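*Asks:* predicted structure and sequence below. I'll ask about it afterward.
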Amino acid sequence: MPKVTIDESICKGCGLCVHICPKAVLVLDAEKLNAKGYNPAVPRFAEKCIGCAMCGMMCPDSAITVTKE
């Protein structure tokens, strides 16, 4: 099963990963701010992940890692 890991400390909440994900796995957490003051992306529906890693490729800050376990 694929696993999406997001380094919330460097995520700037741009939302590119949210829009590119074909299974709508990621969302921006509107209730959380990271140390930089951004709403980070979180894998809200991780069980739907197919491991395509489009989110990681799209992330301009390389904050996302997708692993297949």
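*Replies:* Everything's here; your move.

*Asks:* which residues in this protein form strands?
*Replies:* Along the chain, the stretches classed as strands by DSSP state E are 2-6, 26-28, 41-43, 64-68.

*Asks:* relative to A53, how far out is the residue nearest the centre of the chain?
*Replies:* When the chain is reduced to its mean C-alpha position, the nearest residue by CA atoms, centre = their mean turns out to be A41, at 4.7 Å. According to CB to CB, to the nearest Å, A41 stands 14 Å off from A53. Heads up, the C-betas are built off the backbone N, CA and C, glycines and all.

*Asks:* swap in H19?
*Replies:* Distance, H19 to A53, by CB to CB: 15 Å.

*Asks:* neighbours around P60, how many?
*Replies:* Using other CB atoms under 10 Å as the criterion, P60 is surrounded by 9 other residues.

*Asks:* just send the strands of the chain back as JSON lines, with mean pLDDT and distance to K12 too.
*Replies:* Formatted as JSON lines, the entries for those read as follows, by pLDDT from 0 to 100; distance: least, CB to CB, whole Å:
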{"stretch": "strand 2-6", "mean pLDDT": "96", "distance to K12": "12"}
{"stretch": "strand 26-28", "mean pLDDT": "98", "distance to K12": "11"}
{"stretch": "strand 41-43", "mean pLDDT": "97", "distance to K12": "10"}
{"stretch": "strand 64-68", "mean pLDDT": "96", "distance to K12": "12"}
